[in-house]
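Participant: can't give you the sequence, but here's the structure:
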């Protein structure tokens with residue numbers, strides 16, 4: 001068999017094996033008879049009876065989730081510092097589940113294996129040099145291994161940018177709510193209700209902080225976790241100011257107003273900095289794209305006339 005006849009067979013076998021593993025991971029591990037015996041042996045409680053169908057649909061992919069988590073155990077950090085750093089990064093991206101680090105590492109392993117295998121298949125048809133084939137496979141494998149990290153960094157950046165842009169409006173609304181007589185918890189709840197349409201990420205973080213406060217956690221810990229969970233410097237400074245105001249008994253409305261004014265000043269300075277950088281950043285497009293066209297338009301006719309005159313003299 002030649003290479004042309006082997007390639008479809010290898011592709012078919014690879015697709016069938018991948019589909020079998022995917023179906024095996026997503027299918028339920030218990031049969032209908034076992035589920036019926038479990039219902040007879042242990043009647044459902046009132047909470048289980050009133051439970052909606054959403055958790056059942058979520059459990060449909062529980063096998064795939066467990067498989068990815070088990071694969072991620074190979075790359076799980078050993079030290080507590082590295083584990084905590086990874087958890088904080090995932091929390092900054094919005095992934096706060098306990099199994100998020102294992103699933104993230106498992107996704108890296110799966111992408112490495114899948115893209116590495118694709119690189120091997122692609123390198124199989126690139127001549128007879130083994131170095132070229134291995135280089136192609138290595139490039140695809142590196143893309144698959146570091147691709148989830150790049151996606152995580154982009155998600156963190158986009159999420160923090162959205163929080164940074166929507167935080168001043170939320171602070172202004174909190175100042176109005178606190179000065180009108182509401183407490184900090186009620187003000188955060190009001191911000192969550194009023195701004196959930198255009199500040200989804202920030203309202204989600206405030207809602208989680210409110211939930212933790214209602215469960216009895218100290219306000220200092222909740223505010224500190226809010227700053228760490230978002231990873232935005234403005235939110236961290238806001239949390240620090242509110243913790244100090246709560247500890248020393250100073251006015252929360254005054255602290256919020258001072259923080260709002262400082263954030264507004266900082267945003268103005270950032271805008272001025274970007275405006276000052278514009279002239280320097282325009283040099284490269286001018287030199288690479290605009291100046292060559294202007295040079296051709298201005299010097300081109302003169303160069304043609306000089307070439308004609310030199311030809312006539314010759």
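Facilitator: Arrived safely, thanks for sending. Bear in mind the structure is a predicted one, so any value in this text is a computation, not a measurement.

Participant: Can you list the residue ranges for helices in the stretch 201-314 of the chain?
Facilitator: Remark: helices assigned in the stretch 201-314 of the chain by DSSP state H, counting those that start in this stretch are 219-230, 233-248, 252-281, 283-285, 291-313.

Participant: As TSV, those helices with mean pLDDT would be great.
Facilitator: Formatted as TSV, these follow (pLDDT from 0 to 100):
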stretch	mean pLDDT
helix 219-230	89
helix 233-248	87
helix 252-281	86
helix 283-285	86
helix 291-313	82
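
Participant: With distance to residue 131 and mean neighbour count added, can I get these in a markdown table?
Facilitator: Placement of C-beta: from N, CA and C, glycine included. Listed next are the helices of the stretch 201-314 of the chain as a markdown table, based on distance: least, CB to CB, whole Å; neighbours: other CB atoms under 10 Å:
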| stretch | distance to residue 131 | mean neighbour count |
| --- | --- | --- |
| helix 219-230 | 47 | 18 |
| helix 233-248 | 47 | 17 |
| helix 252-281 | 41 | 13 |
| helix 283-285 | 36 | 10 |
| helix 291-313 | 39 | 10 |
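
Participant: Quick one: these as JSON lines, columns for distance to residue 120 too.
Facilitator: Shown next, in JSON lines, are those (distance: least, CB to CB, whole Å):
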{"stretch": "helix 219-230", "distance to residue 120": "41"}
{"stretch": "helix 233-248", "distance to residue 120": "45"}
{"stretch": "helix 252-281", "distance to residue 120": "42"}
{"stretch": "helix 283-285", "distance to residue 120": "39"}
{"stretch": "helix 291-313", "distance to residue 120": "43"}
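
Participant: And these: which comes nearest residue 178?
Facilitator: Closest approach to residue 178 among the helices of the stretch 201-314 of the chain is made by helix 252-281 (4.3 Å; CB to CB).

Participant: Remind me what that closest one packs against, helices and strands.
Facilitator: helix 130-179, helix 233-248 (3 or more CB pairs under 8 Å, 6 or more residues apart in numbering; DSSP states H and E).

Participant: out of those helices, nearest to residue 282?
Facilitator: Closest approach to residue 282 among these (CB to CB): helix 130-179, 23.4 Å.

Participant: what residues go with each domain of this protein?
Facilitator: As given by automatic domain parsing, the domain ranges for the chain are 3-156, 159-278.

Participant: Lowest mean pLDDT across those, which one is that?
Facilitator: Ranked on mean pLDDT, the bottom entry among the domains of the chain is domain 3-156, at a mean of 68.

Participant: number of nearby residues for the closest residue to residue 226 other than its chain neighbours?
Facilitator: Of all residues not flanking residue 226 in the chain, residue 209 sits nearest, at 5.0 Å (CB to CB, 6 or more residues apart in numbering). Neighbour count for residue 209, taken as other CB atoms under 10 Å: 23.
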